[in-house]
Structure formats: structure tokens, C-alpha cells
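Novice: Can you look at this prediction? I've put the sequence above it.
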Amino acid sequence: MRCQLAGHRPEFRWQPSRVIHNLFTGRMNTVELPPDAAEVVLEGIRLGTVYWSMSEGPMVNIMIELSALPLVREWTVEFGGAFYPGSPDLSI
């Protein structure tokens, strides 16, 4: 099931499968990304990714450029959640 958050935001783009070169085997492999993973794209610029956390709680992991933190705040308000920065250097 795809992440509801990602499905409701225009700046999220589903990530297609990728073909990569496996350095250990020398073969080309197709990497299927989780169905809940999405790229964050704003005005044609890739700013980061979002995906469901592997924790037991309903948590979304966000890896994003610092310049896009206002978007994270917007998502938090819209979906009634809370934002916990992974870095102690961030203050919101």
C-alpha cells in the first residue's frame, strides 16, 4: 500500500524501478523500490525522499534539503502529526 501522505501531495513523485550495476557480480540488476517511497520534487528540482518508517508506529521518514523544511511543517499541520528533526542542529 502506498503512503497516504505521499498520495495526497503534488510535490511527491513515485520512484520507478531502477537498473543498477552490481559491483560484486558485474551484472545489471533491477532494484524495486518500496511502494510507499516517493521523491520530493518542487518546481522540477529533486529535494529529497519520503517513505514509511520501519518502526511500529505510524511514522514517515523524510530526507530533504534544508531549504524545504517549510514543506515539512506544512505536511505536519495538514496531517495532524508532529515533526521530530533527526539532527539536533535543526530548530523549528
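Specialist: Everything's here; your move. Numbers count the residues shown, from 1 in each chain.
Novice: distance of Pro34 from Thr76?
Specialist: When distance is defined by C-beta to C-beta, to the nearest Å, Pro34 is 22 Å away from Thr76. To be clear about C-beta, it is placed using only N, CA and C from the backbone, and glycine gets the same treatment.
Novice: Apologies, that question was intended for Leu23.
Specialist: With the distance defined as C-beta to C-beta, Leu23 ends up 39 Å from Thr76.
Novice: and what of Ala68?
Specialist: Counting by C-beta to C-beta, the gap between Ala68 and Thr76 amounts to 13 Å.
Novice: which residues of this structure score low on pLDDT?
Specialist: For the chain, the stretches with pLDDT under 70 are 1-7, 57, 87-92.
Novice: Quick one: the helices in it, in order.
Specialist: Read by DSSP state H, the chain holds these helices, from start to end of the chain: 4-7, 69-78.
Novice: Tell me what the residue most central in space within the chain is bridged to.
Specialist: Nearest to the mean C-alpha position of the chain, counting by C-alpha atoms, centre = their mean, stands Val50 at 1.2 Å. With DSSP bridges applied, the residues forming beta bridges to Val50 are Ala38, Ile62.
Novice: Isn't it up against Met59?
Specialist: No. Contact status for Val50 versus Met59: not in contact, 11.1 Å apart, counting by C-beta atoms under 8 Å.
Novice: hmm, back to that, which of Pro34 and Thr76 has more residues huddled nearby?
Specialist: In this comparison of Pro34 against Thr76, neighbours counted by other C-beta atoms under 10 Å, the higher total goes to Thr76 at 16 against 12.
Novice: For that one, give me its contacts.
Specialist: Applying C-beta atoms under 8 Å, 6 or more residues apart in numbering to Thr76 gives the contacts Ala82, Phe83.
Novice: hmm, who's touching stretch 31-50?
Specialist: Residues external to stretch 31-50 that are found in contact with it (C-beta under 8 Å, 6+ apart): 1-3, 5-6, 11-20, 51-52, 60-65, 67-68, 71.
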